[in-house]
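**Q** coords below, sequence missing:
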């Protein structure tokens, strides 16, 4: 098993090197968020500056790895930062039924809903404020989207007509947006 892992690591390293060479010949440079882990140092660690989060994940979860997302942000108009972290080791990921994410992802799978979430994140918290923006449609359409987002847990009605993204969803939302835009 160790020989197979070693061979897989070596092949992966070679594939990354070939990709780097092809890009350099074509004059392409990878986007900073897409940089492949291709140059381990003597200890087998990837570049500590570029891959600090990846190295921490490997240290924490071991060579079989896992997936994690984390964030620490202060939303616009707020004085309080929001921190969130979620991660699962590879064996735990194998137990997930991907279809279980459909409702949550479907709720944000519409451009108007994502724009509504962005507006609310930026501080427009009432239907009246949102209604002033013609991108969101009629009041009825706005409420339709707000209730769909609320039903999936992306929004909550905090007080009479004011909407907000729950703290536990802010980093999750920003992570999805980051995935979709980079």
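**A** Nice, I can see it. Not measured: the values here are computed from a predicted model. Numbering: from 1, shown residues only.
**Q** any weak-confidence spans in the chain?
**A** 1-46 (pLDDT under 70).
**Q** show me where it has helices.
**A** With DSSP state H, the ranges of helices along the chain come out as 2-26, 52-61, 90-93, 102-107, 111-121, 127-131, 139-151, 167-181.
**Q** Next up, the contacts around residue 61.
**A** Going by Cβ atoms under 8 Å, 6 or more residues apart in numbering, residue 61 touches 87, 89-90. Where you see a C-beta, it was placed from the backbone N, CA and C, and this is true even at glycine.
**Q** cutoff 10 Å now
**A** Counting by Cβ atoms under 10 Å, 6 or more residues apart in numbering, residue 61 makes contact with 67-68, 87-92.
**Q** same thing with residue 81?
**A** With contact taken as Cβ under 10 Å, 6+ apart, residue 81 is in contact with 71-75, 167, 170.
**Q** Mind putting those residues into CSV with distance to residue 104 and neighbour count?
**A** Below are those laid out as CSV (distance: Cβ to Cβ, whole Å; neighbours: other Cβ atoms under 10 Å):
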residue, distance to residue 104, neighbour count
71, 17, 17
72, 22, 10
73, 20, 14
74, 25, 10
75, 20, 18
167, 17, 15
170, 15, 21
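**Q** Just the closest of these to residue 133, please.
**A** Nearest to residue 133 among the contacts of residue 81 is residue 75, at 18.8 Å by Cβ to Cβ.
**Q** Now do that closest one against residue 81, distance only.
**A** Taking Cβ to Cβ, to the nearest Å as the measure, residue 75 falls 8 Å from residue 81.
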